[in-house]
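A.B. asks: Turn this into a structure:
(chains A, B, C and D)
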Protein chains: 2
Amino acid sequence: MELDNLDIKTLTLLCQRGRMTWAELASQLGLSAPAAADRVKRLEERGLITGYSAQLDAEALGLTLTAFIAVTLDQPHHREGFLAEVQATAEILECHHVTGDDDYLLKVRCCHTRALEALITHRIKAIAGVVKTRTLIVLSTVKETQTPPLGHLKES
Amino acid sequence: MELDNLDIKTLTLLCQRGRMTWAELASQLGLSAPAAADRVKRLEERGLITGYSAQLDAEALGLTLTAFIAVTLDQPHHREGFLAEVQATAEILECHHVTGDDDYLLKVRCCHTRALEALITHRIKAIAGVVKTRTLIVLSTVKETQTPPLGHLKES
DNA sequence: TCCATGGCCTTATTTTAATAGGTGAATGTG
DNA sequence: CACATTCACCTATTAAAATAAGGCCATGGA
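C.D. replies: Predicted coordinates:
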């Protein structure tokens, strides 16, 4: 059940062009279309590929404001409510439990500073147990990819 | 050139299932397949959809370690080299210029703590101008989506 | 040596995508 | 008010892609 270099190339190509046809993929891999489709199917079944997604331009959609919010929770019994609210809030794209001074790090996206204010004061700070937040506004984004590094898997 | 509710639903559906067929999409929208395909094509041409991507399971690929690294740069003339290195490093998934005590916030992903150590000491701290880094290790991830909030666009 | 397995090939069939042509509602204009 | 234009959509057709079937060959184990 190891990954060979063609599998890695497959993953790389499908991260770049998620809707490419099997024939296109196959020609890049030097295989026939059914063979390429088989490989992709296997990668899906193994859980390495979890799905496919359209990539949207957040700015074009009016989501010009991105921020990271560090959250401190006072008591562990407040966690459940916090996590539920995080899941229910579309503006919260990511929520990680992290080491350091704060407990959670959120990545959020919204349209205005006013919307950010509403998000922080009416949603996040309204959650029971949230005792402190610290917000970092994103001024510009240099790089933003979802494609994980695959170099460490290469054989030979 | 406004977005109607069908466009928003289209974006939502394509974020969830990026390889769905036009016929599937059309039935969810209550349209014919060519009409749905036309709408998607227009969304692509307008730049709202920038592409499609396979979603990979980072853990299944052995990338069990995620971290955020805050970087402080001492002088503005070092920026160019820093940005180039960021682009060239696959382990750095994101790099944002942020407000606050530090200049940049990186999101990185790698396999071990050893790989993280190598990344920090041999790549990031090796860049001219990097005077300070502060690392937050991700203990667990509660939520991690790429799909931006679209509720603010809904009409009626 | 022989058999089983796995990955790939080619071919055939089914499904999907792309294209063309036409209809009706909404809009703007003589 | 009549008319032309535009736009989004439809259906029908054609081209392309996905899927399924059957066979080949290399690899590994009994």
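
A.B. asks: which bits of chain A sit near DNA strand C?
C.D. replies: By the rule C-beta under 7 Å from any atom of the strand, the part of chain A lying against DNA strand C is A:Leu6, A:Ala26, A:Gly30, A:Leu31, A:Ser32, A:Ala33, A:Pro34, A:Ala35, A:Asp38, A:Arg39. C-betas here are computed from N, CA, C, even on glycine.

A.B. asks: which of these count as buried?
C.D. replies: Neighbour-count burial (16 or more other C-beta atoms under 10 Å in any protein chain shown) applied to the residues of chain A next to DNA strand C gives A:Ala26, A:Leu31, A:Arg39.

A.B. asks: Intersect the residues of chain A next to DNA strand C with the contacts of chain B.
C.D. replies: When contact is defined as C-beta under 8 Å from any C-beta of the partner chain, those do not meet chain B at all.

A.B. asks: Specify which member of those residues is nearest to B:Ala90.
C.D. replies: Lowest distance from B:Ala90 to the residues of chain A next to DNA strand C (C-beta to C-beta) belongs to A:Leu6, with 18.9 Å.

A.B. asks: so which helix or strand takes in that closest one?
C.D. replies: For A:Leu6, the host element (DSSP states H and E) is helix A:5-16.

A.B. asks: Show me what the strand ranked longest in chain A is packed up against.
C.D. replies: If you go by DSSP state E, chain A has its longest strand at strand A:130-144. If you count contacts as 3 or more C-beta pairs under 8 Å, 6 or more residues apart in numbering or on different chains; DSSP states H and E, strand A:130-144 packs onto strand A:65-73, helix B:79-88, strand B:92-98, strand B:104-110.

A.B. asks: which ones are touching A:Thr145?
C.D. replies: Residues in contact with A:Thr145 (C-beta atoms under 8 Å, 6 or more residues apart in numbering or on different chains) are B:Leu93, B:Glu94.

A.B. asks: and the gap between it and A:Met20?
C.D. replies: Noted for A:Thr145: a distance of 18 Å to A:Met20, by C-beta to C-beta, to the nearest Å.

A.B. asks: Which positions in chain A make contact with DNA strand D?
C.D. replies: Selection of chain A residues close to DNA strand D by C-beta under 7 Å from any atom of the strand yields A:Thr21, A:Trp22, A:Ala23, A:Ala33, A:Pro34, A:Ala37.

A.B. asks: For chain A, give me the ranges with low pLDDT.
C.D. replies: Applying pLDDT under 70 to chain A picks out residues A:1, A:156.

A.B. asks: Quick one: residues contacting the residue lying farthest from the centre of it.
C.D. replies: Here the centre of chain A is the reference, and by C-alpha atoms, centre = their mean the most remote residue is A:Ser32, at 32.2 Å. Applying C-beta under 8 Å, 6+ apart to A:Ser32 gives the contacts A:Ala26.

A.B. asks: Can you tell me how far it is from B:Asp103?
C.D. replies: According to C-beta to C-beta, A:Ser32 stands 50 Å off from B:Asp103.

A.B. asks: Against which helices or strands is the helix holding A:Leu6 packed?
C.D. replies: Other elements packing on helix A:5-16 under the criterion 3+ C-beta pairs under 8 Å, 6+ apart are helix A:22-29, helix A:33-45, strand A:49-56, strand B:49-56.

A.B. asks: sorry, back to before: go through the helices and strands packed on strand A:130-144 and pick out the most buried.
C.D. replies: Sort the helices and strands packed on strand A:130-144 by mean neighbour count, taking mean count of other C-beta atoms under 10 Å in any protein chain shown, and strand B:104-110 sits at the top with a mean of 24.

A.B. asks: residues in contact with that strand?
C.D. replies: Contact with strand B:104-110 is made by A:68, A:136, A:138, A:142, A:148-149, A:152, B:58, B:63, B:65-71, B:73, B:82, B:86, B:91-98, B:116, B:119, B:124, as judged by C-beta under 8 Å, 6+ apart.

A.B. asks: gap between it and the chain center?
C.D. replies: Remark: strand B:104-110 is offset 11 Å from the chain centroid, using C-alpha atoms, centre = their mean, to the nearest Å.

A.B. asks: In its sheet, which strands sit next to it, and in what direction?
C.D. replies: strand B:65-73 (antiparallel), strand B:92-98 (antiparallel) (DSSP bridges).
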